[in-house]
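S.K.: Quick one, structure for this:
(one chain, ligands or ions: 1)
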Amino acid sequence: MAKLQAIRGMNDILPDQTPNWQYVEKCFQQVVHRYGYREIRFPILEQTQLFKRSIGEVTDIVEKEMYSFDDRNGDNLSLRPEGTAGCVRAADQHGLLFNQQQRLWYQGPMFRHERPQKGRYRQFQQFGVEAFGMAGPDIDAEVIQVCASLWQDLGLEKFLTLEINNIGSAEDRKRYAAALSAFLAFHADELDDDARNRMHSNPMRVLDSKNPAVQAALKSAPALVDYVSDESIAHYSELKSLLSQVGIEFVESPRLVRGLDYYNNCVFEWTTDSLGAQGTVCGGGRYDGLVEQLGGKPTVAAGFAMGVERLVLMLDSLGKIPEATSQVIDVYMVVVGSELAGPAQLLAKQLRQQFPELGLINHCGGGKSSNQMKRAFNSGARLAIVLETESGQPLETVKIRHLNDSGDSISVEIANCGEKLAEFLSISE
Ligand code: HAM
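M.R.: Numbering: from 1, shown residues only. So this is what the prediction gives:
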């Protein structure tokens, strides 16, 4: 029978790789802690409606990429393709939003049925933050600074570029969409089917078309900047000034619109050219209307999410993961003879209790002393504790052997084993 394989685009992260992930996770958690963000966890499955109403019906994510199904009750559910919708739903449902300020962060798997390639997967991991209840550009600047701090801690600051754009208020966008829609209808003959389908339902997505003929037709299309209100321009200018004051460089990208419908005013992306085609590591912006759109009381918001696979790939390819992040085991316990299994487990238990930081593998499964020693060397442990007695004799002493080049070993009474370990490994209780 053919062996079952993982689903295409869904990766196993193996023990050799997990230390790299833990390193990035730890750095992210330290950064968000420094800025006063608190963790929120919400389900991986939600009502499909939640994503349709937030991300937008006429978006690639909702039209083509969601894993949706009817459950046994006939409810239509979807695996979350991103975190903002679930975060808003959870925070609002539990009364965290109205008249309050919240700084929240999350991490976890997201699911999109995209065509897999390097840096683009069907299950991928995001870190995200969402800040609620703060209307000014200062919070926009803060969430961007959270990213910048992480890049600094990871040594990536030279490899990432911040792109920003002002996409105007919801009202501005509505007026612009109407003008663009009229323009596209007038030029319908020059468009492809995809663009014609979207020209009324979501005309702004036509701007992303990869078809050169459509792009040619768009040359004389109305520009969003001409529809952005003074208020929105003032917000954006203030943000740019704040970014400059804290030394964050940015590039203005008038074509940056983002693929989710809930944004307004400032949107941003951090991009790199060290990843090939999938160069966007992080994206975000303001979404002042979303809470209300999902049935909550009006609550302004801003946030971002970053793709952890892309970060890990980048760190790997740039050699930025510190050596010391690989997990180290301190002690490998060699147990010669099945009659010593009990005493070995007891000694291991006592040592683990005495030194909570100690990593100790207790050999299981028997085997010759030489084979067990081979495993001890391969484990990366610094010391082996060897339990061996003349047959029938009680176990009174154990051997502690250095697994470095010296290979030195000493015999100690079991009662003194902990003390010797502490001395050799410089660890404390
Ligand atoms: P997004 O731009 O769709 O935004 O995704 C954010 C990041 O997730 C991307 O920049 C990318 O690094 C990563 N990502 C997206 N799709 C994939 C994929 N198929 N494979 C690997 N990585 C991927 C959002 O999700 C918004 N919720 C961000 C946000 C939060 N805006 C406000 N708050």
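
S.K.: Stretch 207-217: which residues count as buried?
M.R.: With burial defined by 16 or more other C-beta atoms under 10 Å, the residues of stretch 207-217 counted as buried are L207, S209, V214, A217. C-beta here means a position set from N, CA and C on the backbone, and glycine is covered the same way.

S.K.: Show me what the helix or strand encompassing L311 is in contact with.
M.R.: Using DSSP states H and E, L311 maps to helix 308-317. Contact with helix 308-317 is made by 11, 17, 20-21, 24-25, 107, 118-119, 121, 124-127, 154, 156, 159, 272, 274-275, 278, 280-281, 320-321, as judged by C-beta atoms under 8 Å, 6 or more residues apart in numbering.

S.K.: okay, now S274: neighbour count?
M.R.: Neighbours of S274 under the rule other C-beta atoms under 10 Å: 13.

S.K.: what do you get for Q101?
M.R.: Q101 is surrounded by 12 other residues when neighbours are defined as other C-beta under 10 Å.

S.K.: what sits against the closest residue to it other than its chain neighbours?
M.R.: Nearest in space to Q101, with sequence neighbours left out and distances taken as C-beta to C-beta, 6 or more residues apart in numbering, is G133 at 4.1 Å. G133 makes contact with L97, N99, Q100, Q101, Q102, T299, V300, A301, according to C-beta under 8 Å, 6+ apart.

S.K.: quick revisit: now the contacts of helix 308-317: which count as buried?
M.R.: Applying 16+ other C-beta under 10 Å to those, the neighbour count classes 20-21, 24, 107, 119, 121, 124-127, 154, 156, 159, 272, 275, 278, 280-281, 321 as buried.

S.K.: Among those, which ones are in strands?
M.R.: Secondary structure defined by DSSP state E assigns Q107, F124, Q125, Q126, F127, T280, V281 of these to strands.

S.K.: Could you confirm G367 falls within a helix?
M.R.: No: assignment of G367 by DSSP: H, G, I helix; E, B strand; the rest coil gives coil, placing it outside any helix.

S.K.: do you know how far it is from A376?
M.R.: In this structure, G367 lies at 12 Å from A376, with C-beta to C-beta, to the nearest Å as the measure.

S.K.: centroid residue for the protein?
M.R.: Nearest to the mean C-alpha position of the chain, by C-alpha atoms, centre = their mean, lies Q126 at 2.7 Å.

S.K.: beta partners for the closest residue to that one other than its chain neighbours?
M.R.: With C-beta to C-beta, 6+ apart as the criterion, Q126 has its nearest non-adjacent residue at 4.4 Å, and that residue is A305. Listed by DSSP bridges, the beta-bridge partners for A305 are G128, G283.

S.K.: Surely A305 is in contact with G83?
M.R.: Yes: with contact defined as C-beta atoms under 8 Å, A305 and G83 form a contacting pair (5.8 Å).

S.K.: what sits against whichever residue of the stretch 201-350 of the chain sits closest to the ligand?
M.R.: Closest to the ligand within the stretch 201-350 of the chain is G307: 2.5 Å, counting by C-beta to the nearest ligand atom. Contacts of G307 were listed using C-beta under 8 Å, 6+ apart, and they are G119, F124, Q125, Q126, T280, V281, C282.

S.K.: so what does the helix or strand harbouring K399 touch, helix or strand wise?
M.R.: Assessed by DSSP H and E, K399 sits inside strand 397-402. Using 3 or more C-beta pairs under 8 Å, 6 or more residues apart in numbering; DSSP states H and E as the contact definition, the elements that strand 397-402 packs against are strand 383-387, strand 409-413, helix 417-425.

S.K.: The ligand is nearest to which of the ones you listed?
M.R.: helix 417-425 (40.2 Å).

S.K.: what's the angle between the closest one and strand 383-387?
M.R.: An angle of 160 degrees separates the directions of helix 417-425 and strand 383-387 when computed by axes from the mean of the first three to the mean of the last three C-alpha atoms, to 10 degrees.

S.K.: Please state the offset of helix 417-425 from the chain centre?
M.R.: 39 Å (C-alpha atoms, centre = their mean, to the nearest Å).

S.K.: how big is the angle separating that helix from strand 409-413?
M.R.: Counting by the same axes, to 10 degrees, helix 417-425 lies at 150 degrees to strand 409-413.

S.K.: Now helix 417-425: buried residues?
M.R.: Of the residues in helix 417-425, those buried by neighbour count under the rule 16+ other C-beta under 10 Å are C417, G418, K420, L421, A422, F424.

S.K.: Stretch 379-392 too?
M.R.: For stretch 379-392, burial by neighbour count (16+ other C-beta under 10 Å) applies to S379, A381, R382, L383, A384, I385, V386, L387, E388, T389.

S.K.: again, but for stretch 351-369
M.R.: Neighbour-count burial for stretch 351-369 flags L351, Q354, F355, L358, G359, L360, I361, N362, H363 (criterion: 16+ other C-beta under 10 Å).

S.K.: about what we covered before: switch the buried residues of helix 417-425 over to TSV; also include pLDDT.
M.R.: Listed next are the buried residues of helix 417-425 as TSV, based on pLDDT from 0 to 100:
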residue	pLDDT
C417	95
G418	94
K420	93
L421	93
A422	92
F424	91
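
S.K.: so which of those residues comes closest to H235?
M.R.: Here the nearest of those to H235, counting by C-beta to C-beta, is A422; it sits at 59.1 Å.

S.K.: The helix or strand of the chain with the lowest mean pLDDT - contacts with which helices or strands?
M.R.: Ranked by mean pLDDT, DSSP states H and E, the helix or strand of the chain with the weakest confidence is helix 203-206, at a mean of 87. Using 3+ C-beta pairs under 8 Å, 6+ apart as the contact criterion, the neighbours of helix 203-206 among helices and strands are helix 170-186, helix 193-201.

S.K.: tell me which residues of that helix are tucked away?
M.R.: Taking 16+ other C-beta under 10 Å as the neighbour-count basis, helix 203-206 is seen to contain the buried residues P203, M204, R205, V206.

S.K.: Stretch 332-344 too?
M.R.: When neighbours are counted by 16+ other C-beta under 10 Å, the buried residues of stretch 332-344 are found to be Y332, M333, V334, V335, V336, L340, A341, P343, A344.
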